[in-house]
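Student: What would the 3D arrangement of this be:
(2 chains)
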Amino acid sequence: MTSKQRNLILAIAAIALALVVMAFARPVLGQFWFGMFILSGIFVILALGLNLINGFTGLFSLGHAGFMAVGAYTVAICTLPPDAKKQNFFLEPMNPILFAIQTPFWVALILATVMAGLLAWLIAIPALRLRDDYLAIATLGFGEIIRVVFSNTQSITNGAQGLIRIPTETSVWWSWGVALLMIVFMVRLVGSSFGRSLKAIREDEVAAEAMGINLYRTKITSFVIGSAMAGLGGGLLAGFLGSIDPKMFNFLYTFNIVLIIVLGGLGSISGSVIAAVVITFGMEWLRFLDGSMEAFGYRISGVPGLRMVVFSALLLAVVLFWREGLMGKNELTPEYLSKRFGRRKKVAVASASTTDAVAETPTPSRSDEELDEEANHA
Amino acid sequence: MLTVKDLNVHYGGIHALKGIDLNVEQGQIVSLIGANGAGKSTSLNAIMNLIKYTGSVSYKGKDVKSTKTMDLVKAGLTLAPEGRRIFPNLTVTENLTLGAYARKGPEVAKDMDWVFELFPRMEERRTQKGGTLSGGEQQMLAIGRALMSRPELMMLDEPSLGLAPLVVKDIFKIIRTIHDSGVTVLLIEQNAKAALEVADHAYVLEVGKVVLEGPGRDLLKDPRVQSAYLGE
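Tutor: Here you go, the predicted structure:
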């Protein structure tokens, strides 16, 4: 059996396992955590989109929340039933053309993807002439512009009031089904000639151009695909929450996704998936930190926002000690696992919990001292 | 094959190239030597249409200024850039495959075999990341990657940079082998001796101007070259 055949069998097995998990998640997890499970699927899609832009192409984009908003509003407008539309738009009547639009959920999702992609394309044309920090600032600005525009287009988005009564169609099959589809799509994309050209741009733009890669066009394509995925995720989110408003798509949302891809490893699909699930569940699980606690007989009154402090500390620790994130640029393949754990079995058992895993191949620039430190942490 | 006439490049207020003329005939090895900051790399970047310039550069009769870099690569012009600039987080195989980015087809695999034949070390390390190779190996990878585009004219920017003398010897041997297989070579070097020895024709560049040119062997004997670049 060649490694290609084996990987195909493993991939099919993994998908089958995922389907089984999806089928039995509700009774096992209970209603609340089942909701988090659905949400984590959405975050997988969002993280993969941003990782394509930031991790694989090396474009520092911070406009993800804006594209999510586009997707979310597209789905909301397309799926809201007429009476709900009337109820929502009480300050100013809805634009009659938009009022007439009524599509099934899956059509709305496709439209959400397309709309976000289109807008990303329009933004990319000027923005992608910039690089690094400047690009980050520009995309951050565009993301905020989208949010501000949505707060003020009363007849289209109902402004700051937001929209309620969006049909909650996002089931576990939708969120994780689309997530699985996106994982397969990303694996295929990254392994293709186009994917290699993205990585080449990330590694060295001048060399990539000398190879004959059209820098500008390739960057735009990557940005559009990644942002379209944000629109898709945003659309699923609208269908999950049932109500949206412009304020929720602020920079903090982008920050959460940046957190996921940095923790998971910039340039790793499996890292994004693992981190998306861990963070979504972790954020909820750590909610007890915000409430009051009893410790050693003392009662500590609740500190709202304490879990964000914990998460920030976590991010800091990752940046300091595991600069490459959970997976680095590696994927969770049998080759990786045997390379990572086969060599030092004893250590592997001790650090079986995924969050303790350290980055794989150390880059040559790291000193031995740093490596020792890593070993100690493992 | 390649004709450069009155090439001028400005970096902001700095006049980096002050009207240089070059000519590369098919089947030649042409060397361009000069000190740091003489404008050697700038010339190659202009020829690849990677930077803005004035003057005329024509490759196989095509005006370079109006041709995109990717189309130049397709037309058989390639650059192994200064400082190697391999893709450090990609494997050796991925690096080589990217070299063939501008063309597709079944011949890519055949060319990869050829590169592995030239550099057996690369085949041993095919799954290793580029950044983990030694300096000499990285240079071999950079040359191999450039070869993957099936160049007719290959431009090498300081292939001996930072390499041990023995490795430099290997690299020059390989340059000859590549040349013997029918590739025209335009070579930039600070290692004037090695570069002049292999060159059919050579140019000496000083602060943005060609100050001397002629067959490599003649330049080796030129007293000005000897005192300035060969330390004799």
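Student: Give me the buried positions along the helix ranked longest in chain B.
Tutor: Counting residues, the longest helix in chain B under DSSP state H turns out to be helix B:165-180. For helix B:165-180, burial by neighbour count (16 or more other C-beta atoms under 10 Å in any protein chain shown) applies to B:167, B:168, B:170, B:171, B:172, B:174, B:175, B:178, B:179. To be clear about C-beta, it is placed using only N, CA and C from the backbone, and glycine gets the same treatment.
Student: Name the spans of the chain whose pLDDT lies under the cut-off.
Tutor: Here I'm looking at chain A. Scanning chain A for pLDDT under 70 picks out A:1, A:295, A:343-378.
Student: try chain B instead
Tutor: Flagging of chain B using pLDDT under 70 yields the residue ranges B:232.
Student: Return the set of residues that bridge with the most centrally placed residue in it.
Tutor: The centroid of chain B falls nearest to residue B:156 when counting by C-alpha atoms, centre = their mean (1.4 Å). Beta-bridge partners for residue B:156, by DSSP bridges, are residue B:80, residue B:187.
Student: my read: it touches residue B:187, true?
Tutor: Yes. Residue B:156 lies in contact with residue B:187 (C-beta atoms under 8 Å); the separation is 5.1 Å.
Student: what sits in contact with each of those two?
Tutor: residue B:175 (C-beta atoms under 8 Å, 6 or more residues apart in numbering or on different chains).
Student: Any idea how many residues pack against residue 190?
Tutor: You didn't say which chain, so I picked chain A. 20 (other C-beta atoms under 10 Å in any protein chain shown).
Student: Chain B is the one I meant
Tutor: Residue B:190 has 16 neighbours, counted by other C-beta under 10 Å.
Student: How much space separates the nearest residue in space to it that is not next to it in sequence from residue A:329?
Tutor: Nearest non-adjacent residue to residue B:190, counting by C-beta to C-beta, 6 or more residues apart in numbering or on different chains: residue B:158, 6.3 Å away. Using C-beta to C-beta, to the nearest Å, residue B:158 is found at 29 Å from residue A:329.
Student: for residue A:90, same thing?
Tutor: 51 Å.
Student: So if I had to pick from the two, which one is more boxed in?
Tutor: A side-by-side neighbour count of residue A:90 and residue A:329, using other C-beta under 10 Å, places residue A:329 first with 21 against 9.
Student: Now the more buried one. Nearest residue, chain neighbours left out?
Tutor: Per C-beta to C-beta, 6+ apart, closest to residue A:329 is residue A:267, 4.0 Å.
Student: Let me know the secondary structure of that neighbour.
Tutor: Under DSSP: H, G, I helix; E, B strand; the rest coil, residue A:267 falls in the coil class.
Student: hang on, the earlier thing: residue contacts, the residue nearest to the centre of chain B?
Tutor: B:80, B:143, B:146, B:175, B:185, B:186, B:187, B:188.
Student: circling back to that earlier point, near chain A, from the buried residues of helix B:165-180?
Tutor: With the criterion set as C-beta under 8 Å from any C-beta of the partner chain, no member of those is near chain A.
Student: Kindly reformat the residues you listed as CSV containing distance to residue B:39.
Tutor: As requested, these are exported to CSV (distance: C-beta to C-beta, whole Å):
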residue, distance to residue B:39
B:167, 26
B:168, 23
B:170, 28
B:171, 23
B:172, 23
B:174, 26
B:175, 22
B:178, 25
B:179, 24
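Student: What residue in chain A comes nearest to chain B?
Tutor: residue A:212 (3.3 Å; C-beta to the nearest C-beta).
Student: That residue contacts residue B:74, correct?
Tutor: Yes. With contacts counted by C-beta under 8 Å, residue A:212 reaches residue B:74, the gap being 6.6 Å.
Student: what's around the residue nearest to residue B:190, how many residues?
Tutor: For residue B:158, using other C-beta under 10 Å, the count is 22.
Student: For it, give me phi and psi.
Tutor: When read as degrees, to the nearest 10, the backbone of residue B:158 gives phi 50, psi 60.
Student: Likewise for residue B:205?
Tutor: Torsion angles, degrees, to the nearest 10, at residue B:205: phi -110, psi 130.
Student: do you know how far the closest residue to residue B:19 other than its chain neighbours is from chain A?
Tutor: Distance criterion C-beta to C-beta, 6+ apart; nearest residue to residue B:19, sequence neighbours excluded, is residue B:6 at 4.8 Å. With distances taken as C-beta to the nearest C-beta, to the nearest Å, residue B:6 is found 24 Å from chain A.
Student: you'd agree residue B:6 is in a strand?
Tutor: Yes. Counting by three-state DSSP, residue B:6 is located in a strand.
Student: how about it, what does it touch?
Tutor: B:19, B:20, B:21, B:54, B:55, B:56.
Student: just checking, the first one touches residue B:56?
Tutor: No. Using C-beta under 8 Å as the test, residue B:19 is too far from residue B:56 to be in contact (11.2 Å).
Student: Give the intersection of the neighbour lists for the two.
Tutor: B:6, B:7.
Student: Which strand or helix spans residue B:78?
Tutor: Using DSSP states H and E, residue B:78 sits in strand B:77-80.
Student: following that strand, which helix or strand comes up?
Tutor: Sequence-wise, the next helix or strand downstream of strand B:77-80 (DSSP H and E) is helix B:92-99.
Student: quick one: the helix or strand following that next one to helix B:92-99, angle?
Tutor: Heading C-terminal from helix B:92-99, the first helix or strand you meet, by DSSP H and E, is helix B:107-118. Between helix B:107-118 and helix B:92-99, the angle comes out at 130 degrees (axes from the mean of the first three to the mean of the last three C-alpha atoms, to 10 degrees).
Student: Can you list the helices and strands that helix B:107-118 packs against?
Tutor: Applying 3 or more C-beta pairs under 8 Å, 6 or more residues apart in numbering or on different chains; DSSP states H and E, we find helix B:107-118 packed against helix B:92-99, helix B:120-124, helix B:135-147, helix B:165-180.
Student: Compare those and give me the one nearest residue A:278.
Tutor: The closest approach between residue A:278 and any of these, judged by C-beta to C-beta, belongs to helix B:92-99 at 29.2 Å.
Student: could you dump that closest one to CSV, C-alpha only?
Tutor: This file holds the C-alpha atoms of helix B:92-99, laid out as CSV (Å, rounded to 0.1, in the frame of the first residue of the first chain):
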residue,chain,number,x,y,z
VAL,B,92,13.3,20.6,-1.7
THR,B,93,10.8,19.0,-4.0
GLU,B,94,8.4,21.9,-3.6
ASN,B,95,11.1,24.4,-4.2
LEU,B,96,12.0,22.7,-7.4
THR,B,97,8.4,22.3,-8.5
LEU,B,98,7.9,26.0,-8.0
GLY,B,99,10.8,26.6,-10.4
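Student: about what we covered before: helices or strands up against the strand holding residue B:78?
Tutor: helix B:40-47, helix B:135-147, strand B:153-157.
Student: Go again with 7 Å.
Tutor: With contacts taken as 3 or more C-beta pairs under 7 Å, 6 or more residues apart in numbering or on different chains; DSSP states H and E, strand B:77-80 sits against helix B:135-147, strand B:153-157.
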